[in-house]
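Asks: coordinates only, sequence not included:
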């Protein structure tokens, strides 16, 4: 692809809004180039990295790795590369990565998937950058609308851009599009931890112990590109299942999978990615995909395995993530776009995100710009209303119908005393399954969700075998829950097993007989089942009464 580069000079002056005149300044003259092909842009990688390192409030979304992947992997919809490079002699002092789309609309590269955006620049040359941008907008008739999204509050570029008049162009129209909660990590982990109430801390410890009943629980940070490629399919699966049946509009939605398969390893190789995982028995149950620049991380997406949602694995992951970030010396964690309940628990401050619109006067772009500004303001206002946020996320049908969830109390249950046989006990084994076995063998997914809920309450899930052949699963009620599970019936000290679920090709009777054949244990036990056990089960079975496990 050919390259067309414009070489122009800007005057060594600054705009004084108070005086309304240009005043001479001691800055040297600069020239600016408009880069129109990706090969020339790629040649700027080293300079881009140096500028990113000194850019105020820079994010990993402004990194070379992220933005060049946006160019390579996102649908362009006829967008044409027009990147402004501002130079002092031959040295770049600022790069503004933009694309020109339909209707002469100039946008920052990657705004459809990026939380934050903006130029990379030396902070003392920010006015040179906006002067060059102003000169370009005046000179290039192709550009009729400037539409910059993802600009962070406090950025010197935003202030300079909005205060700089451009001949023949409108003043800046600024719309606050989002609020981003932030966490001050400089106070130290202990000070951060005790901000949470003792009740919350106690509940978190209980949930961690509940997860440990499924297997070894560990927090892992992944930074190697190859390892990230391996875990990406799991991340997309968890995200998809978490949002199943709801409006999935985030940048991690399935339609952007190909982009992230290229972007995540590229970010990792460049040192701009922090992937945090919570694993149980080696299986990922929660992840946080963070994008880094300097010493700070911006959260991009957090998701967890909804089947173990009772244990709040996402919340437990954040606990370990913040602890690790404090030990690493990170000054701040940025939750990124949107206010959510789980963010407010930790947040110590907020930062706004803005959209800046300007248009060439006496052009059709004015109508488009005003419509965009009006639409953004309407959306921001609507998003502040709780029930509208819920409708957007959940969808009208799901909101009206509610969610269907299997519970222990569905239908009538039957309670029996069952005599043990102790016959062939060596061939019968009952043990707690590993989490990997549960995720593989418990189908449908609602059964694993039910298992997690019951284990959280203290009941134990047992996997029954005949030799190496699985027969099914059954729950053993905790002593404090025996009366509840049996519907309030007095069963004395007998062990209570409930809700036997046979394996494929097996029957409930196979599970019950296996329990009766276990070599150890008292002479009888209590079984609670949906099914009515008949004489054909081959056991001494005495009905007690119907009950409703809870």
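Replies: Thanks, I have the structure now. Note that the coordinates shown come from a computational prediction; the quantities given were computed from them, not determined experimentally.

Asks: Can you give me the pLDDT of the closest residue to residue 295 other than its chain neighbours?
Replies: Leaving aside its sequence neighbours, residue 295 sits nearest to residue 330 (CB to CB, 6 or more residues apart in numbering; 5.2 Å). In this view, the C-beta of every residue, glycine as well, is placed from N, C-alpha and C. Listed pLDDT for residue 330 reads 94.

Asks: host element of residue 330?
Replies: Residue 330 belongs to no helix or strand when elements are defined using DSSP states H and E.

Asks: From residue 293, how far off is it?
Replies: From residue 330 across to residue 293, the span is 11 Å (CB to CB, to the nearest Å).

Asks: quick one, which of the two is more surrounded?
Replies: With neighbours defined as other CB atoms under 10 Å, residue 330 and residue 293 compare such that residue 293 has more, 22 against 19.

Asks: Tell me if I'm right that that one and residue 63 touch.
Replies: Yes. The pair residue 293 / residue 63 is scored as a contact, 6.5 Å apart, by CB atoms under 8 Å.

Asks: ranges for the strands of the stretch 401-550 of the chain?
Replies: Taking DSSP state E, counting those that start in this stretch to define them, one finds strands in the stretch 401-550 of the chain at 413-419, 428-431, 460-466, 469-476, 496-502, 524-529, 541-547.

Asks: And the stretch 101-250 of the chain, by the same measure?
Replies: Under DSSP E, counting those that start in this stretch, the stretch 101-250 of the chain gives strands at 105-108, 120-121, 145-152, 173-184, 217-222.

Asks: What sits closest to the residue most central in space within the chain if chain neighbours are left out?
Replies: Nearest to the mean C-alpha position of the chain, by CA atoms, centre = their mean, lies residue 301 at 1.8 Å. Among residues not flanking residue 301 along the chain, residue 252 sits closest, at 4.3 Å (CB to CB, 6+ apart).

Asks: Quick check, the one you found in contact with residue 300.
Replies: Yes. Using CB under 8 Å, residue 252 is in contact with residue 300, at 7.0 Å.

Asks: Distance-wise, check residue 329 relative to residue 188.
Replies: 11 Å.

Asks: domain ranges for this protein?
Replies: Using automatic domain parsing, the domain parsing of the chain gives 8-178+352-378, 186-330, 413-547.

Asks: Rebuild those domains as TSV, extending it with distance to residue 343.
Replies: TSV is the format used below for the domains of the chain (distance: least, CB to CB, whole Å):
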stretch	distance to residue 343
domain 8-178+352-378	12
domain 186-330	9
domain 413-547	24
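
Asks: Show me the shaky parts of the protein.
Replies: Counting by pLDDT under 70, the chain has low-confidence residues at 1-29, 77, 245-250, 365-367, 369-412, 422-428, 519-521, 535-536, 545-550.

Asks: of all the strands of the stretch 101-250 of the chain, which lies closest to residue 193?
Replies: Each of the strands of the stretch 101-250 of the chain has some distance to residue 193 by CB to CB; the shortest is strand 173-184, at 11.9 Å.

Asks: where along the stretch 51-200 of the chain do the helices fall?
Replies: For the stretch 51-200 of the chain, the helices defined by DSSP state H, counting those that start in this stretch cover 64-73, 126-139, 156-163, 189-193, 198-212.

Asks: rewinding a little: out of the domains of the chain, flag the one nearest residue 340.
Replies: Closest approach to residue 340 among the domains of the chain (CB to CB): domain 186-330, 9.5 Å.

Asks: And that closest one, end to end?
Replies: End-to-end distance of domain 186-330 (CA to CA, to the nearest Å): 7 Å.

Asks: ditto for stretch 91-100
Replies: 25 Å.

Asks: Buried by neighbour count: which residues of it qualify?
Replies: 92-100 (16 or more other CB atoms under 10 Å).

Asks: can you put these in TSV and add distance to residue 220?
Replies: Below are the buried residues of stretch 91-100 laid out as TSV (distance: CB to CB, whole Å):
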residue	distance to residue 220
92	38
93	40
94	38
95	35
96	38
97	33
98	38
99	37
100	43
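
Asks: now for those residues, which pair is the farthest apart?
Replies: Greatest spatial distance in the buried residues of stretch 91-100: 93 and 100, 22.8 Å, computed using CB to CB.

Asks: what's the closest of the buried residues of stretch 91-100 to residue 226?
Replies: residue 97 (27.9 Å).

Asks: ok, the closest one touching residue 108?
Replies: Yes. Using CB under 8 Å, residue 97 is in contact with residue 108, at 6.6 Å.
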